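Enquirer: Give me the fold of what follows.
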Amino acid sequence: MKKPLASLLALLVVALAVTACGEKEETTSRPKVEKLDLVLDYFPNADHVGIYAAIAEGEFKKVGLDVTPRTPSDPAAPLKLLAAGRADLAISYEPEVLLARDRGLTVVSVGAIVQRPLTSIMAIGSAGVRDVRDLRGKRVGTAGIPYQTAYLKTILERADVNPNSVDEINVGFNLVPAMLSKRVDATLGSFWNYEGVELRQRRRDPTIIPVDTVGVPTYNELVIVARREDVGERGNRLRRFMRALAAGYESARENPSRAVGHLLKANPDLTRKLQLASVRATLPAFFPRDEDKPFGYQDPRAWDAYGRWMHENELVRHPPRAFNALTNEFLPGQGI
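Expert: As a prediction, the model looks like this:
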């Protein structure tokens with residue numbers, strides 16, 4: 001009886017040792033923190049509210065990332081900095097991604113921050129512009145971006161307005177001042193969720209016409225962009241980033257006021273009233289209309305349609321292909 005008992009005790013000791021080893025292997029520690037340099041598309045504002053919420057509430061640190069957003073010298077700089085290896089990720093616009101790829105930059109959109117166009121035709125009440133047809137014979141200010149000229153042409157032709165009857169004026173990024181000073185009668189390029197909200201708060205009775213409601217194919221206004229090589233080699237980091245970013249925007253949806261507080265700490269020059277109103281206006285556009293899709297989802301069919309429109313309007317040399325320009329692989333719950 002002693003020998004079987006001794007064998008049983010020996011087996012028990014081995015089993016306990018194996019179990020202990022297994023428990024040790026399964027114990028996880030906080031991941032080593034990686035620094036990540038994120039170039040914004042513009043100064044910190046309501047569009048970026050989820051980024052600053054994720055930073056302030058520790059969502060990035062939970063996944064081992066130390067994210068540092070920085071403001072670019074101009075809106076055209078982020079993709080150039082990214083392609084040159086001087087940034088890890090960049091925020092840009094779907095049209096800019098497709099233009100950059102057409103120039104040979106190997107950049108890929110890995111998630112959408114704003115699901116649909118913010119760009120709008122806008123006019124203040126005194127200008128007498130209430131409809132696209134009212135632009136006939138008027139002065140329309142743009143930021144001098146080629147695809148904005150193509151937007152205007154598409155919109156006017158769809159409304160049976162001769163584009164030659166409209167005087168397009170490049171006012172740079174001074175779109176609202178150009179309207180208020182009556183240098184132009186309307187603008188194309190202001191965002192309905194920002195300048196539109198601001199003009200309403202100033203009681204200027206604005207007309208706001210989002211471009212995708214009057215003929216321009218829909219597109220993702222703001223997207224997160226990575227280098228092609230990082231998509232292949234650093235997918236785990238991208239997945240962690242998008243998971244934390246989604247948590248930041250969910251937090252903003254749950255408590256916009258708290259999230260705006262985080263944003264104001266990052267950019268004290270902002271006005272709380274405007275930022276809070278802008279965030280609340282934008283919240284539906286931060287998330288896909290289809291609730292089954294994850295935060296950041298990009299519709300390849302919509303990208304293809306917009307790419308065809310760019311090619312038809314001679315903005316790109318070759319028809320862009322969504323399967324090369326974007327990936328949803330790193331979004332929460334995807335690609336696993």
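
Enquirer: For stretch 309-321, what is the distance to the chain centroid?
Expert: How far stretch 309-321 lies from its chain's middle: 22 Å, per CA atoms, centre = their mean, to the nearest Å.

Enquirer: same thing with stretch 269-288?
Expert: On CA atoms, centre = their mean, the centre of stretch 269-288 falls 14 Å from the chain's centre.

Enquirer: Report the separation between Asn255 and Leu283.
Expert: With distances taken as CB to CB, to the nearest Å, Asn255 is found 11 Å from Leu283. For glycine as for every other residue, the C-beta is placed from the backbone atoms N, C-alpha and C.

Enquirer: Pick out whichever of these two has more residues nearby.
Expert: The neighbour count for Asn255 versus Leu283, taken as other CB atoms under 10 Å, is higher for Leu283 (17 against 11).

Enquirer: Report the contact partners of the residue lying closest to the more buried one once chain neighbours are set aside.
Expert: Counting by CB to CB, 6 or more residues apart in numbering, Leu283 lies nearest to Arg253, which is 5.6 Å off, once chain neighbours are set aside. By CB atoms under 8 Å, 6 or more residues apart in numbering, Arg253 lies in contact with Leu283, Phe286, Phe287.

Enquirer: Got phi/psi on the last one?
Expert: Backbone torsions of Phe287, given as degrees, to the nearest 10, read phi -120, psi 150.

Enquirer: I figured it was touching Gln115, is that so?
Expert: Yes - using CB atoms under 8 Å as the test, Phe287 is close enough to Gln115 to be in contact (6.9 Å).

Enquirer: Comparing those two, which shows the higher neighbour count?
Expert: Ranked by neighbour count (other CB under 10 Å), Phe287 and Gln115 place Gln115 first, with 24 against 20.

Enquirer: correct me, but that one touches Pro294?
Expert: No - with contact defined as CB under 8 Å, Gln115 does not count as touching Pro294 (11.7 Å).

Enquirer: shared neighbours, those two?
Expert: Shared contacts of Gln115 and Pro294 (CB under 8 Å, 6+ apart): Pro288.

Enquirer: Model confidence at Met21, what's the number?
Expert: No Met there; residue 21 is Cys. The model reports Cys21 with a pLDDT of 41.

Enquirer: do the one 5 residues further on as well
Expert: According to the model's per-residue confidence, Glu26 sits at a pLDDT of 33.

Enquirer: same thing with Ile336?
Expert: Here, the pLDDT recorded for Ile336 equals 54.

Enquirer: How about Lys3?
Expert: pLDDT at Lys3 comes out at 43.

Enquirer: before we move on, what about Phe323?
Expert: You'll see Phe323 listed with a pLDDT of 89.

Enquirer: can I get the CA coordinates of the host helix or strand of it in CSV?
Expert: In the assignment (DSSP states H and E), Phe323 maps to helix 322-325. Presented in CSV, the C-alpha positions along helix 322-325 are these (Å, rounded to 0.1, in the frame of the first residue of the first chain):
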residue,chain,number,x,y,z
ALA,A,322,-10.8,50.5,-52.5
PHE,A,323,-9.1,47.1,-51.8
ASN,A,324,-5.7,48.8,-52.1
ALA,A,325,-6.6,52.2,-50.4
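
Enquirer: got the contact list for that helix?
Expert: If you take CB under 8 Å, 6+ apart as the criterion, helix 322-325 is touched by Val97, Leu98, Arg101, Val108, Ser109, Gln298, Pro300, Arg301, Trp303, Asp304, Gly307.

Enquirer: run the last query once more with 7 Å
Expert: Val97, Leu98, Arg101, Val108, Ser109, Pro300, Trp303, Asp304, Gly307 (CB atoms under 7 Å, 6 or more residues apart in numbering).

Enquirer: now do stretch 152-168
Expert: Contacts for stretch 152-168 (CB under 7 Å, 6+ apart): 121, 132-133, 135-140, 142, 149, 188, 211, 214-216.

Enquirer: buried ones in it?
Expert: Neighbour counts over stretch 152-168 (16 or more other CB atoms under 10 Å) mark Leu152, Thr154, Ile155, Leu156, Val161, Val166, Glu168 as buried.

Enquirer: And stretch 101-110, by the same measure?
Expert: Residues of stretch 101-110 classed as buried: Arg101, Asp102, Leu105, Val107, Val108, Ser109, Val110 (neighbour count, 16+ other CB under 10 Å).

Enquirer: Among these, name the ones in helices.
Expert: Of the positions in these, Arg101, Asp102 sit in helices, assigned by DSSP state H.

Enquirer: about what we covered before: what is the nearest of the contacts of helix 322-325 to Gly64?
Expert: Val108 (22.2 Å; CB to CB).

Enquirer: The closest one and Asn236, how far apart?
Expert: In this view, Val108 and Asn236 are 16 Å apart by CB to CB.
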